[in-house]
Each structure stands twice: as structure tokens, then as C-alpha cells.
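J.: dropping the sequence and predicted coords here.
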Amino acid sequence: MRFLVIGAKGMLGQDLLEHIALRGHEVVGLDLPEIDITDPTSVAKIMAGEWGKFDWCINCAAYTAVDKAESEEKLATEINGLAVAYLGRLTADANIRLIHISTDFVFDGTATEPISEDAPTHPIGAYGRSKLVGEQALGGQPHALIVRTAWLYGARGKSFPRTMIQAFRDRKKLKVVNDQRGNPTYTVDLCRVLVDLAEKNPFPGIYHAVGPETMTWYDFAKLAIEVSTGTEPEITPCSSAEFPTPAKRPAYSALSNEKTSRMGIAPMRPVREALTEFWEKLSF
Ligand SMILES: NC(=O)c1ccc[n+]([C@@H]2O[C@H](COP(=O)([O-])OP(=O)(O)OC[C@H]3O[C@@H](n4cnc5c(N)ncnc54)[C@H](OP(=O)(O)O)[C@@H]3O)[C@@H](O)[C@H]2O)c1
């Protein structure tokens, strides 16, 4: 199959280019300035065949600055919402199936067990609201899949475990939030699930794809440092109230992988195993 990855210079996009090629498919990666998803003419040219024909388009392009989005919601919504609507229309016209990446931030954090695809959405911040606009623009389109993921970390981008490992190496005193729970998801493992999905000629709709373990940021920081240094770090747990940020974050946003599991898609690796590979690939 032939894939187009948009947002190819981002943390997920870079790993996706490598993974799709490793799986024996053809892939073209585009990002700013070759393509601007907020400009329908730029997208239309590509869909009309400027880079050849595609079976699948995977959209990783997004406005991802969660805190900044609180003061730039219009821009976030243009990129994460309105542009996704154009992309949906133009891929449908060009007969290209679309996988659009979305987020656990469309939920409000009040769930108490892993959230399924049909649970009601209720974002509590601007980023989540902007991503929900994108989801709603694609809802019901027969060529489109929305894949919600969470707590992404990859060796080719800024990520939470990288920041924690760097801070530990710099001998900083670490204090990490221990009252938000989610599923750390390694980009390479997400890439595997995305290609598995595409190969299965899936039904349109929403899919959840996250790592198999639910933990707090505090647990995740401890594990990342332990894997990278072989020592158990001293970290002070704290509450979200002690660490205020412009954007509110869901207290619990574990997603259920049951739907992909029922399709025969294998779960992602346990966090310790994925972090070990992440650490081997990481360079500072
Ligand atoms: N990171 C996470 O923890 C996380 C969690 C859940 C879901 N997600 C979702 O996963 C996807 C990938 O995330 P990521 O962390 O890989 O993001 P990322 O590293 O920020 O990559 C996004 C890429 O999109 C590009 N981009 C921004 N605006 C664009 C536009 N108008 N046209 C074309 N390209 C544009 C960015 O370029 P610039 O850098 O130049 O702006 C960047 O290269 C996103 O949909 C995100 O919402 C991420």
C-alpha cells in the first residue's frame, strides 16, 4: 500500500515514516512548508496527485501546545478542527482512506475505568475542545478513522520521560504530579498498531490505541529514570493543585484497547520494555 503521512517532522510522524517503510509499504512524508493543512489549496494539490496516488493518509499534523492553546484557542481550532474538515473532504474526493490522530483530552477525567470509544466526550480545556472539533468533522464519513491515543513519548521529540531523565541527570530535585492517571504510549508501538489497522481494511469510526498500563506521571517518571540509570530515583509526589498549569488536565483518561484487541491487533509492549527501547534510541 502507499501511505501519505502529514505532520511527518513531528514526534509521531518521524517514527511513522520509518515504521511504514519497515513494514514493506511505500510512504511519502509531508509537513510545513510543503503542506499546510489549514490551506485547502495546498491540501487539494497533494490529494490531486502532486506526489502520486495514495491508499492511506495518516494525519499527525496538529497544534499540540496544550497550555498555550488556552490563549490561542482560535489558532488551535483552525489546525485541529477546521483543517481536519478540509482534509476529510479532500481525501474522500480523492478516494484516499484517512486515519486522523486524536487524544484522550476529549474526555473530562471523571471516568473510573478504561474509557471505550463510544463514551461521551467532554473536554475541559481548549486543546481538547479543538481536537473534538476535528473528530466531529470526520464523524460518520465512510473513509475516515479517528485513532485516539495518549501520553505519547518517542525518541525523536520532546516528551515527558526525556524531560524527567534530563532533569535527573542535571541533579534537579524532582516533584511530579501523582493524581493524574493515563496510559503512557510509545510512538513506535503506536505506529505498529496504526499499520496493523490499515492492513485490516477496517470499518470507519473511532479506535483507541494506547500502551497497556495505567499509571500516574509520578509512576511514569520513576520508571523512566529507573530504566535509564538503573537506580531508583528520589522523587516527591505532588498534587495537580500544587503544580498549576494554564490548561486543566483530565484526572483519569485511561483508554480501553478492547476494540482493536477484538480485531486481533496485539497489545503494545509493557511500559518498562518500551522505555528500554526508547532509552536505547534517545540522544541528548
Ligand atoms: N504528544 C502527545 O502526548 C499526544 C497525546 C495524544 C494525542 N496526540 C496527537 O498525536 C498527533 C501527533 O502528535 P505529536 O506529539 O507527534 O505532535 P508534534 O510533534 O507537535 O508534530 C506535529 C507536526 O505537525 C506540524 N504542523 C503543525 N501545523 C501544521 C499545519 N498547519 N500543516 C501541516 N503541518 C503542521 C508541526 O509542525 P511545527 O512543529 O512546525 O508546528 C509538527 O511537525 C497529534 O494529532 C496530537 O494531537 C499527541
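T.: Structure's in. What do you need?

J.: any residues of the chain in contact with the ligand? List them.
T.: 7, 9-13, 31-32, 35-38, 60-62, 64, 79, 101, 103, 149-152, 157 (CB under 6 Å from any ligand atom). Using the backbone N, CA and C atoms, a C-beta is placed for each residue, glycine as well.

J.: OK, contacts around the residue of the stretch 151-284 of the chain found nearest the ligand?
T.: Nearest residue of the stretch 151-284 of the chain to the ligand, counting by CB to the nearest ligand atom: Leu152, 3.5 Å away. Contacts for Leu152 were tallied using CB atoms under 8 Å, 6 or more residues apart in numbering; they are Met11, Leu12, Ser159, Thr185, Tyr186, Thr187, Leu190.

J.: residue contacts, the first one?
T.: It stands for Met11. Applying CB under 8 Å, 6+ apart, the residues near Met11 are Leu152, Gly154, Arg156, Gly157, Lys158, Ser159, Thr187.

J.: check the fifth one too.
T.: For Tyr186, the contacting residues are Leu152, Tyr153, Gly154, Gly211, Met268, Arg269, Val271, Ala274, Leu275, Glu277, Phe278, taking CB under 8 Å, 6+ apart as the criterion.

J.: could you do Leu132 as well?
T.: Residues Gly81, Val106, Thr121, Pro123 are the ones in contact with Leu132 under the rule CB under 8 Å, 6+ apart.

J.: again, only using 10 Å
T.: Thr77, Asn80, Gly81, Ser102, Thr103, Phe105, Val106, Phe107, Thr121, His122, Pro123 (CB atoms under 10 Å, 6 or more residues apart in numbering).

J.: tell me the confidence at the fourth one?
T.: To tie it back to what came earlier, the one meant is Ser102. In this model, Ser102 is scored at 98, pLDDT.

J.: helix or strand: which one has it?
T.: Ser102 is part of strand 97-103, with elements assigned from DSSP states H and E.

J.: okay, now Ala21: neighbour count?
T.: Neighbours of Ala21 under the rule other CB atoms under 10 Å: 13.

J.: report how many residues lie close to Pro142.
T.: There are 9 residues near Pro142, going by other CB under 10 Å.

J.: touching, it and Pro202? I think so.
T.: No: if you go by CB atoms under 10 Å, Pro142 and Pro202 don't touch, sitting 11.5 Å apart.

J.: what touches both of those two?
T.: Arg97.

J.: give me the neighbour count for the closest residue to Tyr218 other than its chain neighbours.
T.: Once flanking residues are discounted, Tyr218 sits nearest to Asn178: 3.8 Å by CB to CB, 6 or more residues apart in numbering. Neighbour count of Asn178, defined by other CB under 10 Å: 19.

J.: now do Asn178 against Lys222, distance only.
T.: Asn178 sits 10 Å away from Lys222, going by CB to CB, to the nearest Å.
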